[in-house]
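K.L.:
need the 3D shape of this:
(2 chains)
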Amino acid sequence: MEDWGIAIIKVVFIWVWTLLCATVMTWVERRGAGMIQDRLGPNRAGPFGLFQPLADGIKLFTKEDIVPANARKILFSLGPILFAIPAFSAYAVIPFGDKIVVGGKEILLQVADVNVGFLYVVAIGSMAVYGIVVGGWGSNNKYSILGGLRSTAQMISYEVPWGLALLAAVLVYGTFSLRQIALAQQGTFLGFLPNWGIFKQPLGFILFIVAAYAEANRVPFDLPEAESEIVAGYHTEYGSMRLGLYLFGEYVNLYTLSALMVTFYFGAWHLPYLDMSKFLGPISYGIASFIVFFLKVAFFLWLFVWVRWTVPRFRYDQLMNLGWKSLIPLALLNLFITALCIQITA
Amino acid sequence: MSGFETVFLYLAMSLLAVSGMLLISAALGPFRPKPEKIDTYECGVPLLDPCHKRYDIKYYVVAVLFLVFDLETVLIYPLAVRYKALAHLGWGIFFEVFIFVAVLLAGLFYAIKKRAIEWD
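P.N.:
From the prediction side, this is the model:
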């Protein structure tokens, strides 16, 4: 019974935490845009406009729930749900810290340390495309259908290099458990570098981050919702909380992807050259590992914003060329080199 | 607890929260449909033709290619997780990976050569 209590606390905590971070991200994105474009951004609701996400949320909740007359009603309602549930659930197997000892009981800072965590993340991550294509098709609108089609082609094209890049990392770590992967990054590599995935998989990380931006439909790959070409793409017809689910889902996806980058390539909760567990008490170590992990995630979240307001959008043929003619051959090459290196050092 | 129960708990929480959000929004929002309001949105111009037109075959080709490559990726997964342990036994496993990747690469170059992914 006690186990269930802890499990429920962890589930509720990390679920609310990812959603909270996603909400704050909408504010960071708009303030960051303001900063980069030398303007203010939202600054009226609360101090520094901090209550802006709250105001937006209330607005989305109280808007009229319009279903277009021509829409396929069932698919139209199903779209946002299919998109949001995988987005909200992907974090279940990713760690958010090492462990904390409370009352002599060791609690892992991870919702579920399953041995196939990696497969779970990949499977759930690829479900999101259904929400987009079903929503786009169900809207029965030219922009939506175009956006949905573009998005499907883009997401499935970049899923291959995404999976292959992570696969090379799995070759290095030899496990599917994300906690084991995180634990394997302690200490130093070659004697002077931190033992992080980035130093063992530099090409893999570049491939992963490029594919992740495409998977999340972010600039420079935001063609599914290219507003100057196809209005808002697959969610043109959506309003109210249905639109809200699409938007929130996207930001929660960003959080999950950033956490994956940190877990696979940036040493999870480990600090370089410093073993925190040696000089911190059990409780303060747990909190410190959570904070270190979160700060790294926050950096990658900020990188998403930074890139969005720096890089222009790709053209569709460029996007497909990059995906199929550069990323996939490079990902296969990376896999090959990784296998070779492991074989030589074995 | 092996962990999978918690994963299901997490999924159930997502399902509950998503349906809750939609229900609250449906309850709080007004409901005043008008013909103009629920018409298909095409920048305010009256709808001239049906929305479902023919679309480019290229999307279909990409989907087929994706199926092939994703399936091959899935086939490498079990090999990848055991690779380190098997590498100690000799070079056999490496050549297995090499052949696998080489076949994939040959298929990819064939698809590129056949202009399967040209968008112009």
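
K.L.:
from here on, contacts and neighbour counts on C-alpha atoms
P.N.:
Noted.

K.L.:
flag the shaky bits of the chain, pLDDT-wise.
P.N.:
Here I'm looking at chain A. A:1-2, A:224-230 (pLDDT under 70).

K.L.:
wait, chain B
P.N.:
For chain B (pLDDT under 70), the answer is B:1-2, B:43-44, B:120.

K.L.:
ok, 90 please
P.N.:
Scanning chain B for pLDDT under 90 picks out B:1-14, B:16-120.

K.L.:
can you map out the helices along it?
P.N.:
For chain B, the helices defined by DSSP state H cover B:4-28, B:57-87, B:92-113.

K.L.:
now do the strands in chain A.
P.N.:
A:99-102, A:105-108, A:188-189, A:193-194 (DSSP state E).

K.L.:
what's in contact with the first one?
P.N.:
If you take C-alpha atoms under 8 Å, 6 or more residues apart in numbering or on different chains as the criterion, strand A:99-102 is touched by A:106, A:107, A:108, A:109, A:282, A:283, A:285, A:286, A:287, A:289.

K.L.:
again with the second one
P.N.:
If you take C-alpha under 8 Å, 6+ apart as the criterion, strand A:105-108 is touched by A:97, A:98, A:99, A:100, A:101.

K.L.:
same thing but 6 Å
P.N.:
Identification of contacts with strand A:105-108 by C-alpha atoms under 6 Å, 6 or more residues apart in numbering or on different chains yields A:99, A:100.

K.L.:
tell me the buried residues in that strand?
P.N.:
Neighbour-count burial for strand A:105-108 flags A:107, A:108 (criterion: 16 or more other C-alpha atoms under 10 Å in any protein chain shown).

K.L.:
looking at the strands of chain A, which is closest to residue A:117?
P.N.:
strand A:105-108 (14.7 Å; C-alpha to C-alpha).

K.L.:
spell out which parts of the stretch 101-250 of chain A neighbour chain B.
P.N.:
A:112, A:113, A:114, A:141, A:142, A:160, A:171, A:174, A:175, A:241 (C-alpha under 6 Å from any C-alpha of the partner chain).

K.L.:
please report how far the third one lies from residue A:178.
P.N.:
Translated: residue A:114. 8 Å (C-alpha to C-alpha, to the nearest Å).

K.L.:
of these two, who's got more company?
P.N.:
Between residue A:114 and residue A:178, counted using other C-alpha atoms under 10 Å in any protein chain shown, the more crowded position is residue A:178 (28 against 22).

K.L.:
give the contact list for that one.
P.N.:
Taking C-alpha under 6 Å, 6+ apart, one finds residue A:117 in contact with residue A:178.

K.L.:
what's the spacing between it and residue A:315?
P.N.:
Distance from residue A:178 to residue A:315, by C-alpha to C-alpha: 35 Å.

K.L.:
what's the answer for residue A:46, then?
P.N.:
Distance of residue A:46 to residue A:315, given as C-alpha to C-alpha: 39 Å.

K.L.:
over to residue B:18?
P.N.:
The value you get for residue B:18 to residue A:315, if C-alpha to C-alpha is used, is 34 Å.

K.L.:
next: residue A:346.
P.N.:
The value you get for residue A:346 to residue A:315, if C-alpha to C-alpha is used, is 44 Å.

K.L.:
now the longest helix belonging to chain A against helix B:4-28, angle please.
P.N.:
When chain A is parsed with DSSP H, its longest helix is helix A:2-36. Counting by axes from the mean of the first three to the mean of the last three C-alpha atoms, to 10 degrees, helix A:2-36 lies at 60 degrees to helix B:4-28.

K.L.:
please point out which parts of helix A:2-36 sit buried.
P.N.:
So, applying 16+ other C-alpha under 10 Å, buried residues of helix A:2-36: A:7-8, A:10-11, A:14-15, A:18-19, A:21-33.

K.L.:
distance from it to the middle of the chain?
P.N.:
12 Å (C-alpha atoms, centre = their mean, to the nearest Å).

K.L.:
residue A:293: which of the strands of chain A is closest?
P.N.:
Per C-alpha to C-alpha, nearest to residue A:293 of the strands of chain A: strand A:99-102, 12.1 Å.

K.L.:
show me the contacts for residue A:208.
P.N.:
Contacts of residue A:208 (C-alpha under 6 Å, 6+ apart): A:162, A:165.

K.L.:
for residue A:68, same thing?
P.N.:
B:38, B:39.

K.L.:
how much space between it and residue A:342?
P.N.:
For residue A:68, the distance to residue A:342 (C-alpha to C-alpha) stands at 56 Å.

K.L.:
for residue A:145, same thing?
P.N.:
46 Å.

K.L.:
so in terms of bridging, what pairs with the residue nearest to residue A:272 when sequence neighbours are not counted?
P.N.:
The shortest distance from residue A:272 to any non-neighbouring residue, by C-alpha to C-alpha, 6 or more residues apart in numbering or on different chains, is to residue A:194 (5.2 Å). When assigned by DSSP bridges, residue A:194 has beta-bridge partners residue A:188.

K.L.:
neighbours of residue A:194, how many?
P.N.:
Count around residue A:194 with other C-alpha under 10 Å applied: 21.

K.L.:
repeat that for residue A:317.
P.N.:
Residue A:317: 13 neighbours (other C-alpha under 10 Å).

K.L.:
list the contacts for it?
P.N.:
Contacts of residue A:317 (C-alpha under 6 Å, 6+ apart): residue B:119.

K.L.:
one step back: ok, which of the helices of chain B comes nearest residue A:237?
P.N.:
Here helix B:4-28 is closest among the helices of chain B (C-alpha to C-alpha), at 16.1 Å.

K.L.:
and that closest one, how far from the chain's centre?
P.N.:
The answer for helix B:4-28 is 22 Å, by C-alpha atoms, centre = their mean.

K.L.:
quick one on the thing from earlier: the more surrounded of residue B:18 and residue A:315?
P.N.:
residue B:18 (20 against 14).

K.L.:
and the more buried one, how far is that from chain A?
P.N.:
Taking C-alpha to the nearest C-alpha, to the nearest Å as the criterion, residue B:18 is separated from chain A by 7 Å.

K.L.:
for residue B:96, same thing?
P.N.:
10 Å.

K.L.:
nearest to chain B within the stretch 201-346 of chain A, name that residue for me.
P.N.:
Going by C-alpha to the nearest C-alpha, chain B is nearest to residue A:317 of the stretch 201-346 of chain A, at 4.9 Å.
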